[in-house]
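Asks: Let's see this in three dimensions:
(4 chains)
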Protein chains: 4
Amino acid sequence: MSDILERLDTALADRRHADPESSYVASLHNKGLNKILEKVGEEAFETVLAAKDADAKDPATQQALIAETADLWFHSLVMLSHLGLDHRQVLDELARRFGISGHDEKAARQQEDS
Amino acid sequence: MSDILERLDTALADRRHADPESSYVASLHNKGLNKILEKVGEEAFETVLAAKDADAKDPATQQALIAETADLWFHSLVMLSHLGLDHRQVLDELARRFGISGHDEKAARQQEDS
Amino acid sequence: MSDILERLDTALADRRHADPESSYVASLHNKGLNKILEKVGEEAFETVLAAKDADAKDPATQQALIAETADLWFHSLVMLSHLGLDHRQVLDELARRFGISGHDEKAARQQEDS
Amino acid sequence: MSDILERLDTALADRRHADPESSYVASLHNKGLNKILEKVGEEAFETVLAAKDADAKDPATQQALIAETADLWFHSLVMLSHLGLDHRQVLDELARRFGISGHDEKAARQQEDS
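Replies: Below is the predicted model:
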């Protein structure tokens, strides 16, 4: 599960320099930062609207919220990529705030493996 | 790295029912969905403003963008938790769209390990 | 100048029930509240981005901000109209907060005129 | 009714250079453009949430939407003022798009009066 963001970042990096005609990611980078940020903003509002409409008894509304949240995270990953950053710094920041060290964890795991 | 979101979801679930006086997460749930969504919205605008101010030559502006993106993801995780959902469905949705199957990947890894 | 909002509200009311194929306003009402609110949200982000890019020495960037703010106000007028409200209540609320009474003002003016 | 925006702009201009300790408007200008834009963004989300909760049978929810829309317009007026612009350009732009000329109207009215 946890490698999905890693693999997504790799896919985003690969597609960044693809043909804008055939790749949505390349077309976003090609249109520039403002266009990417407009998409982050649109998806933020669509997420909030989907959350207002989400109903535990109606799986379709819950799936709609998942889809909008995925759009929001996806476009924020494209934003980070456009500015030379990636999801690792964001997860590190979250880990730091919650007293969960990503790097320590990795070090601990490598030690276990050896 | 990849387990940070898992551990964050566990921490969010633990804190959901804590004392709202001492836990920010509990206080958000206590104030209800609209308050959580207002925070998602605020952080979306703060992320976009930080991205406009981000400058590759000024690490402080890049760290500010990382911090705002962390706030945005964090509050969207609280939103999912409030509605009985979590980050796994979002990553699954992203994996599905990008032809990266989280579950298949796990299955493949388990096979490799055996 | 001041009657523009009045006349705009009249135009919005007229077009609400027009053919959605030929009227943008009718097409928005036809698509429903969520679509109208998505547009309010999009225009809010586009306004903020245009404000960040606005430069007193470059009239084109200032005109772009005016155009985005007009889009934001326009879509919020459509939202009010969709919910049976209009700009008068909003201006009354602003007048009340600033100690400027719209109705009193009108009454005072009518008295002056008589 | 129509002069409320005029008088509001005058009030905003007066308060811009007031003591930030005693004037909210002065404190916003003092904190700078990003703070003003964050407020525009917050109010945009609060407006959208209030619109989702607005119910024709419950006047309190409709008044809440009016109050949030007033906040949104108010902070966008502060934004325009911060950048040397005002509501007139926005209304002119709306008039132009809808084939309602504010200036022509004024000219016509002056002619009628003479």
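Asks: Mind exporting the C-alpha coordinates of the longest helix along chain A to CSV?
Replies: Longest helix in chain A by number of residues, with DSSP state H as the criterion: helix A:59-82. Taking C-alpha atoms only, helix A:59-82 is exported to CSV below (Å, rounded to 0.1, in the frame of the first residue of the first chain):
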residue,chain,number,x,y,z
PRO,A,59,-21.8,3.9,-1.3
ALA,A,60,-21.9,5.9,-4.6
THR,A,61,-21.6,9.2,-2.6
GLN,A,62,-18.7,7.8,-0.6
GLN,A,63,-17.0,6.7,-3.8
ALA,A,64,-17.5,10.2,-5.2
LEU,A,65,-15.8,11.7,-2.2
ILE,A,66,-12.9,9.2,-2.6
ALA,A,67,-12.6,10.1,-6.2
GLU,A,68,-12.5,13.9,-5.5
THR,A,69,-10.0,13.5,-2.7
ALA,A,70,-7.8,11.4,-5.1
ASP,A,71,-8.1,14.3,-7.6
LEU,A,72,-7.0,16.8,-4.9
TRP,A,73,-4.0,14.8,-3.8
PHE,A,74,-3.0,14.0,-7.4
HIS,A,75,-3.0,17.7,-8.4
SER,A,76,-1.1,18.6,-5.2
LEU,A,77,1.5,16.0,-6.2
VAL,A,78,1.8,17.6,-9.7
MET,A,79,2.2,21.0,-7.9
LEU,A,80,5.0,19.6,-5.8
SER,A,81,6.6,18.0,-8.8
HIS,A,82,6.4,21.3,-10.8
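Asks: Heading C-terminal from that helix, find the next helix or strand.
Replies: For helix A:59-82, the succeeding helix or strand toward the C-terminus, using DSSP states H and E, is helix A:87-97.
Asks: mean confidence for that next one?
Replies: In this model, helix A:87-97 has a mean pLDDT of 95.
Asks: Go through that helix and flag the buried ones.
Replies: Using 16 or more other Cβ atoms under 10 Å in any protein chain shown as the burial criterion, the residues of helix A:87-97 that qualify are A:H87, A:R88, A:Q89, A:V90, A:L91, A:D92, A:E93, A:L94, A:A95. (Each C-beta comes from the backbone N, C-alpha and C, glycine too.)
Asks: now for those, which pair is the farthest apart?
Replies: Spatial extent of these (Cβ to Cβ) is set by the pair A:H87 and A:A95 at 12.0 Å.
Asks: thinking again about what came up before, which elements pack onto the longest helix of chain A?
Replies: The elements that helix A:59-82 packs onto, with contact taken as 3 or more Cβ pairs under 8 Å, 6 or more residues apart in numbering or on different chains; DSSP states H and E, are helix A:4-16, helix A:24-31, helix A:33-53, helix A:87-97, helix B:33-53, helix B:59-82, helix B:87-97.
Asks: Now do it against helix B:33-53, angle only.
Replies: 20 degrees (axes from the mean of the first three to the mean of the last three Cα atoms, to 10 degrees).
Asks: so how many other residues sit close to whichever residue of chain A sits closest to chain D?
Replies: Closest contact between chain A and chain D, by Cβ to the nearest Cβ, is at A:K52 (4.6 Å). For A:K52, the count of nearby residues is 19 (other Cβ atoms under 10 Å in any protein chain shown).
Asks: Repeat that for the one 4 residues further on.
Replies: Taking other Cβ under 10 Å as the criterion, the count of residues near A:A56 is 10.
Asks: Without its sequence neighbours, what residue ends up closest to A:L5?
Replies: Spatially, and ignoring its direct neighbours in sequence, A:L5 is nearest to A:H87 (4.7 Å; Cβ to Cβ, 6 or more residues apart in numbering or on different chains).
Asks: Let me see the contact set for the one you found.
Replies: A:L5, A:E6, A:L8, A:D9, A:L77, A:L80 (Cβ atoms under 8 Å, 6 or more residues apart in numbering or on different chains).
Asks: And for A:L77?
Replies: A:L5, A:L8, A:D9, A:L12, A:D86, A:H87.
Asks: can you check A:D71 too?
Replies: Contacts of A:D71 (Cβ under 8 Å, 6+ apart): A:E43, A:E46, A:T47.
Asks: Looking at neighbours, which among those residues is most surrounded?
Replies: Going by other Cβ under 10 Å, A:T47 tops the contacts of A:D71 with 27 neighbours.
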